[in-house]
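1. pasting the sequence and the predicted model now:
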Amino acid sequence: MSRRTILILVFVFGIVMLSIVGVVFILQQNQPVETVTDGEDGAPAPDGVDVDNTEPEETASPRVEVVVSLQTVPRGHQMTADILALDMRPAESVGSNVITSIDDALNLYARTDIYQGETLTYDTLVDDITKVGLESYGPSSLIPPGYVAQSVPMNRLTGVGYGVSEGDYVDIMVTFFFRQIDEEFQTYLPNDAAFYLEEQIQAVEDSGSGDPLQIILEPVIFFVSPIGRFEELPTGDLAHISPNQEDLAPRPVPVTMIIQNARVVQVGQYRLPPDPADLIPTPTPEAVEEGEPTPTPPPVANPTATPSPADVVVVALQPQQQLLLRYAVDVNAQVFFALRGVNDGQLYSVENMTLDYLLERFNVEVPPNLGYSVEATIRQVTPTPPPEEGSAPE
């Protein structure tokens, strides 16, 4: 091997060694430096002293079981085992009013609406929803937070055949009747009209008979019906044309809107709860021994008269909706109630109902004005009496 070849090999070997040393130096510079401290003031621990860096374990707060509802139930719903469950809660957040045993909640009734996952308390459940709702809370227990209630007239037609009861949800359909008014007088249109017969005054002056001044001071006035129009007849005379109907007032324009998901708080007049003593059943009379006089029965009470149907319903709505409903009652708008299904709280996108919406939505073609019609003639047919027994047929 020549000397030149040896020098080349030595040079290559040196370069490889320098590369290895450089890589090792760079890797050592990138490693994090761990500083051991004593954990108090952050100063490095002295040599030969072991420091325990283990974090102290946090003491878990005690937790207790509480009763929750597995589903949303309306007021008056009876609590059963299939809709109740136990859940863990921090002990400090559980008050003395919280129910911690399912047995304590079984067969009780919800005083108000209970939502899914809600923690049950003794105030939210009662053993007699009618008695407690009347004596302790009254109708106000049915008003949701942020709502107010007011009474609205109701009858058999508007009140779903008297099928609305406390705790139900209804949609309220309100129909307003719009009528044109005079902007200056603020009265319903059309206005009355009176015409002065100036042609008669001119005719008297031309003939020279009578006192024209007296006629001018007492002009002839004709009152014209407010409904109609003036048309020129084929003879050239001007005539006033009016419709041949008894009711000459213009027809109002009805517009119907809806208020959704209103809570029924009360139906009819509020009455105080009955006396608990009246709810005690009449004891069964005991048999009388032979020979003893029969006791005189107490006087029979008069039968209770059948109460008249309710004519008012109290609904809970937001304050702005209540103002709208109150305005509808003041202007004698038609108010109808539509009963919702159980647990149906959805709000639907509904358009106000007008004649234009009816024609456009259902593609109703307005028929043209015709100059003729079909006469509805009712023929009364006298039935032939049946033949008498024994008589020969004709």
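-> Thanks, I have it. Numbers count the residues shown, from 1 in each chain.

2. which strands and helices sit next to the helix or strand containing Val255?
-> In the assignment (DSSP states H and E), Val255 maps to strand 253-267. Here strand 253-267 touches strand 148-153, strand 169-178, strand 312-317, helix 319-330, going by 3 or more Cβ pairs under 8 Å, 6 or more residues apart in numbering; DSSP states H and E. To be clear about C-beta, it is placed using only N, CA and C from the backbone, and glycine gets the same treatment.

3. got TSV for those, with mean pLDDT too?
-> Shown next, in TSV, are those (pLDDT from 0 to 100):
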stretch	mean pLDDT
strand 148-153	93
strand 169-178	94
strand 312-317	94
helix 319-330	94
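
4. for Ile227, see how far away His240 is.
-> 10 Å (Cβ to Cβ, to the nearest Å).

5. sorry, back to before: go through the helices and strands packed on strand 253-267 and pick out the most buried.
-> A comparison of these by mean neighbour count, using mean count of other Cβ atoms under 10 Å, puts strand 312-317 on top with a mean of 22.

6. that one pairs with which strands?
-> If you go by DSSP bridges, strand 312-317 pairs up with strand 148-153 (antiparallel), strand 253-267 (antiparallel).

7. orientation of it relative to strand 169-178 in degrees?
-> Angle between the axes of strand 312-317 and strand 169-178 is 100 degrees (criterion: axes from the mean of the first three to the mean of the last three Cα atoms, to 10 degrees).

8. quick check: longest helix of this protein.
-> helix 3-30 (DSSP state H).

9. how about low-confidence regions in the stretch 51-200 of the chain?
-> Counting by pLDDT under 70, the low-confidence segments of the stretch 51-200 of the chain come to 51-60, 129-138, 194-200.

10. in it, which spans are strands?
-> Taking DSSP state E, counting those that start in this stretch as the criterion, the stretch 51-200 of the chain carries its strands at 63-69, 84-90, 109-110, 125-126, 148-153, 169-178, 193-196.

11. and for Pro367, the neighbour number?
-> Residues near Pro367, counting by other Cβ atoms under 10 Å, number 6.

12. can you read off the pLDDT for it?
-> On the pLDDT scale, Pro367 is placed at 86.

13. now do the phi/psi pair for it.
-> Main-chain torsions, Pro367, degrees, to the nearest 10: phi -70, psi 150.

14. so it versus Leu359, what's the distance?
-> Pro367 sits 12 Å away from Leu359, going by Cβ to Cβ.

15. how about the helices in the stretch 51-200 of the chain?
-> Assigned helices in the stretch 51-200 of the chain, in chain order: 129-132, 198-207 (criterion: DSSP state H, counting those that start in this stretch).

16. pull the number of nearby residues for Val253.
-> Based on other Cβ under 10 Å, the number of other residues close to Val253 is 13.

17. now the one 5 residues further on
-> Using other Cβ under 10 Å, the number of residues around Ile258 comes to 15.

18. which residues sit in contact with it?
-> 171-174, 350 (Cβ atoms under 8 Å, 6 or more residues apart in numbering).

19. show the pLDDT at it.
-> 93.

20. beta partners for it?
-> Met173.

21. need the strands paired with strand 312-317 in JSON lines (columns: distance to Leu70).
-> Output for those, formatted as JSON lines (distance: least, Cβ to Cβ, whole Å):
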{"stretch": "strand 148-153", "distance to Leu70": "30"}
{"stretch": "strand 253-267", "distance to Leu70": "24"}
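
22. tell me which of those sits nearest to Gly163.
-> Closest to Gly163 of the strands paired with strand 312-317, according to Cβ to Cβ: strand 253-267, at 9.9 Å.

23. which single one of the contacts of Ile258 is nearest to Asp344?
-> Among those, Asp171 lies closest to Asp344 (Cβ to Cβ), at 10.0 Å.

24. just the pLDDT for the residue lying closest to the closest one once chain neighbours are set aside.
-> Distances taken as Cβ to Cβ, 6 or more residues apart in numbering put Ala338 closest to Asp171, at 4.3 Å, once the chain neighbours are dropped. In this model, Ala338 is scored at 95, pLDDT.

25. quick one, domains of this structure?
-> Annotated domains of the chain cover 63-138, 139-179+252-276+309-365, 193-241 [automatic domain parsing].

26. find residues that contact each of His240 and Ile227.
-> By Cβ under 8 Å, 6+ apart, no residue touches both His240 and Ile227.

27. around Arg263, how many other residues sit close by?
-> When neighbours are counted by other Cβ under 10 Å, Arg263 comes out with 20.

28. tell me what the nearest residue to it once chain neighbours are set aside is bridged to.
-> Distances taken as Cβ to Cβ, 6+ apart place Ala316 nearest to Arg263, at 4.1 Å, with adjacent residues excluded. Beta-bridge pairing for Ala316 (DSSP bridges): Ala149, Arg263.

29. do the same with Pro254
-> Applying DSSP bridges, one finds that Pro254 bridges with Phe177.

30. residues in contact with it?
-> Pro254 neighbours (Cβ under 8 Å, 6+ apart): 175-178, 354-355.

31. residue closest to the middle of this structure?
-> Centroid check for the chain by Cα atoms, centre = their mean gives Asn261 as the closest residue, at 1.8 Å.

32. ok, that residue - contacts?
-> Going by Cβ under 8 Å, 6+ apart, Asn261 touches 169, 171, 340, 345, 347.
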